[in-house]
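below are the sequence and a predicted model for it; my questions follow.
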Amino acid sequence: MTVTVPEVLFRSVSKRFTGGSAPVLEGIDLSIERGEFVSIIGPSGCGKSTLLKLVAGLAPCSSGEIAVNGMTPENAREVVSFVFQDATLLPWRTVEKNVSLALELERSQPPPERRQITQKLLELVGLSHVAKHYPRQLSGGMKMRVSIARALATRPRLLLMDEPFAALDEMTRDRMNEALLRLREEQNWTVLFVTHSVAEAVFLSSKVIVLAPHPGRVAHILDVNLSYPRTEATRESQEFDDLVNRTSRLLREAHRL
Amino acid sequence: MKQRLMLVLNAAIVFAVLVLVWWAIVRVFKVPPYMVPPPMQVAKTAVTRFPELWASLLITTEEAVGGLLASIVIGVLVALIFARSPWIRRTFFPYTILLQTVPIMAIAPLIIMWIGPGLSSVTLIAFIFCLASIIANTTQGLISVDENLVQLFLMHNASQAQILGKLRLPHSLPYLFVGIRISSGIAVIGAITGELFAGSSQVGQGGVGYSILYAMAQLQTAYLFALVMAATALGFTFFFLVMFFEWLLLHNWHESAARQSGS
């Protein structure tokens, strides 16, 4: 018999910043299974980003615990990648050197393999033609794709994304959403995705978690029963509209909690 | 390219006009040559006494370059310590400002008293002149790294050495160059100031500053003019050399350097 370990497990997690009196997050209990695409939405200040930082091991929990693939967040870093709201590229590195950064830091691969992995990833995100360019020569959408390619270079099992497309215009954002889902079909990572956009959350996720503020806690968990692969047609379907409306309503309620 | 040619041409025209005005003033007001010599006399003196002039210039260059390079090495080291500990930074940073506000001219005699006149004391004075702006700018660069980038490095288990070498140092390079650009001019001023107090114990071995004093005492005004112009040219050359290195290292990725190259 095999026991399946959840990809991410929160056990009554609370987070308080030193000096701050009110907790940012309180009593979070969650279990995220392998292969799920989970979006976290909620009003500003409900601790969405803090939640991701805790999973990444970039900040400690004040009480309770988080297990990533059965390990502490710090020990699990090797199988986790983080995508920030800004592309956070190093301006002095070319696109390909930015993508290979994580591999370089972890020294897990010899240079020839790194180059191969980088080339493949650039193909995957459709940026092979700008491999030698510097970030300042790219558009916002292209920068974000470089950032995602960099996150994928270490072959993560778990991808943490903190409003990665918030700064993009709507058209670009929709295209990036579709591209992200296509990438996932091939590699099947688990994703924790923070966003402000209800439509984005519904389109991408198998599960949407609605947080309530002050202190941040789980208000609702919503299953999104739309079949993958999702495309432009999904966005135009009645089911999609209904789910977006329902989620928006839950979000408004959470605001009043 | 055509634009750059125009710029050089414009500068040359302005220079020619200035020389012409200088010549006209001397001529019209009948200024005695020991006060203001005419341009031709300055040029002639510069040519006939070129070996002397060149030797002085070389000594001053040596001192200024030495002071500047030392200030870069020490300045970056101090900045690294400042960036590492906010406590040390807050405690000692006011003293780097002091370094700029203390009238260095007033310290020069002290330094000469301590280590004697000559190359090393003048280099030290140039170094002190340069140090503050290197420290201030590099520290600013080292501590202004985006916190998300630091976290990205931590996520991939980067060592402190990797965070320094692959993130903080390259990020602070444009800031360092702002400091070097400021200091490059100051280095020449510092060297000449130092020489005014401690050129050399032997005649003929002092730099431009010492030669200026000598020429003044002998009322060799034309040579004095030539020396001043040579010193100005030296500062100019320094500045442009630094700009060139800055462009070389940064034009690919940094906005300010990229703008210089017009791309």
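Perfect, I can see it now. Numbering: from 1, shown residues only, chains lettered A, B, ... in the order given.

so where's the stretch 1-150 of chain A shaky on pLDDT?
For the stretch 1-150 of chain A, the stretches with pLDDT under 70 are A:1-3, A:20.

where do the helices sit along it?
A:48-56, A:73-76, A:95-99, A:101-106, A:111-124, A:140-152 (DSSP state H, counting those that start in this stretch).

name the element residue 252 belongs to?
Since you didn't name a chain, this refers to chain A. helix A:238-256 (DSSP states H and E).

my question was about chain B
Using DSSP H and E, no helix or strand contains B:Asn252.

what's the burial count for it?
19 (other C-beta atoms under 10 Å in any protein chain shown). Bear in mind the C-beta positions are built from the backbone N, C-alpha and C, glycine included.

how about the residue nearest to it when sequence neighbours are not counted, phi and psi?
With sequence-adjacent residues excluded and distances taken as C-beta to C-beta, 6 or more residues apart in numbering or on different chains, B:Asn252 is closest to A:Tyr134, at 5.5 Å. Phi and psi for A:Tyr134, reported as degrees, to the nearest 10, are phi -100, psi 150.

tell me the contacts of A:Tyr134?
Residues near A:Tyr134 by C-beta atoms under 8 Å, 6 or more residues apart in numbering or on different chains: A:91-95, B:252-253.

returning to that earlier point: mean neighbour count added to the helices of the stretch 1-150 of chain A, as TSV?
As requested, these are exported to TSV (neighbours: other C-beta atoms under 10 Å in any protein chain shown):
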stretch	mean neighbour count
helix A:48-56	22
helix A:73-76	17
helix A:95-99	24
helix A:101-106	20
helix A:111-124	16
helix A:140-152	23
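
check the stretch 151-257 of chain A for the residue nearest chain B and tell me.
A:Thr154 (6.9 Å; C-beta to the nearest C-beta).

could you pull up the residues touching the nearest residue to that residue once chain neighbours are set aside?
Using C-beta to C-beta, 6+ apart and skipping residues adjacent in sequence, the residue nearest A:Thr154 is A:Ala102, 4.9 Å away. Taking C-beta under 8 Å, 6+ apart, we find A:Ala102 in contact with A:81, A:150-151, A:153-154, B:156.

in a markdown table: the residues you listed, plus distance to A:Val191.
What follows is these, written out as a markdown table (distance: C-beta to C-beta, whole Å):
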| residue | distance to A:Val191 |
| --- | --- |
| A:Ser81 | 10 |
| A:Arg150 | 16 |
| A:Ala151 | 11 |
| A:Ala153 | 16 |
| A:Thr154 | 15 |
| B:His156 | 18 |
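
and which of those residues is nearest to B:Leu169?
Lowest distance from B:Leu169 to the contacts of A:Ala102 (C-beta to C-beta) belongs to B:His156, with 17.9 Å.

all strands for the chain, in order.
You didn't pick a chain, so chain A it is. A:8-15, A:25-32, A:37-41, A:63-68, A:80-83, A:158-162, A:190-194, A:207-212, A:217-223 (DSSP state E).

switch those strands over to CSV; also include mean neighbour count and distance to B:Pro37.
As requested, these are exported to CSV (neighbours: other C-beta atoms under 10 Å in any protein chain shown; distance: least, C-beta to C-beta, whole Å):
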stretch, mean neighbour count, distance to B:Pro37
strand A:8-15, 19, 78
strand A:25-32, 18, 80
strand A:37-41, 25, 80
strand A:63-68, 18, 81
strand A:80-83, 26, 70
strand A:158-162, 23, 71
strand A:190-194, 24, 75
strand A:207-212, 22, 82
strand A:217-223, 17, 86
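
could I get the ones you listed as JSON lines with distance to A:Ser49?
Shown next, in JSON lines, are those (distance: least, C-beta to C-beta, whole Å):
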{"stretch": "strand A:8-15", "distance to A:Ser49": "11"}
{"stretch": "strand A:25-32", "distance to A:Ser49": "11"}
{"stretch": "strand A:37-41", "distance to A:Ser49": "9"}
{"stretch": "strand A:63-68", "distance to A:Ser49": "15"}
{"stretch": "strand A:80-83", "distance to A:Ser49": "11"}
{"stretch": "strand A:158-162", "distance to A:Ser49": "5"}
{"stretch": "strand A:190-194", "distance to A:Ser49": "6"}
{"stretch": "strand A:207-212", "distance to A:Ser49": "11"}
{"stretch": "strand A:217-223", "distance to A:Ser49": "15"}
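
format those strands as JSON lines; extra columns: distance to chain B.
Shown next, in JSON lines, are the strands of chain A (distance: least, C-beta to the nearest C-beta, whole Å):
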{"stretch": "strand A:8-15", "distance to chain B": "15"}
{"stretch": "strand A:25-32", "distance to chain B": "18"}
{"stretch": "strand A:37-41", "distance to chain B": "18"}
{"stretch": "strand A:63-68", "distance to chain B": "12"}
{"stretch": "strand A:80-83", "distance to chain B": "5"}
{"stretch": "strand A:158-162", "distance to chain B": "9"}
{"stretch": "strand A:190-194", "distance to chain B": "14"}
{"stretch": "strand A:207-212", "distance to chain B": "22"}
{"stretch": "strand A:217-223", "distance to chain B": "25"}
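
closest one to B:Ala226 among the ones you listed?
strand A:80-83 (63.3 Å).

so what strands line up beside that closest one?
strand A:158-162 (parallel) (DSSP bridges).

who's in contact with the strand it pairs with?
So strand A:158-162 is contacted by A:7-8, A:48-49, A:52, A:55-56, A:68-69, A:76, A:79-85, A:151-152, A:189-194 (C-beta under 8 Å, 6+ apart).

at 7 Å what do you get?
Identification of contacts with strand A:158-162 by C-beta atoms under 7 Å, 6 or more residues apart in numbering or on different chains yields A:7-8, A:49, A:52, A:55-56, A:68, A:79-85, A:151, A:189-194.

swap in stretch A:216-226?
Under C-beta under 7 Å, 6+ apart, the answer for stretch A:216-226 is A:24-28, A:30, A:46-47, A:202, A:205-212, A:234, A:239-240, A:243, A:247, A:250, A:254, A:257.

over to stretch B:124-133?
B:63-64, B:67-68, B:70-71, B:74-75, B:96, B:99-100, B:104, B:108, B:111, B:179, B:182-183, B:186-187, B:189-191, B:193-194.
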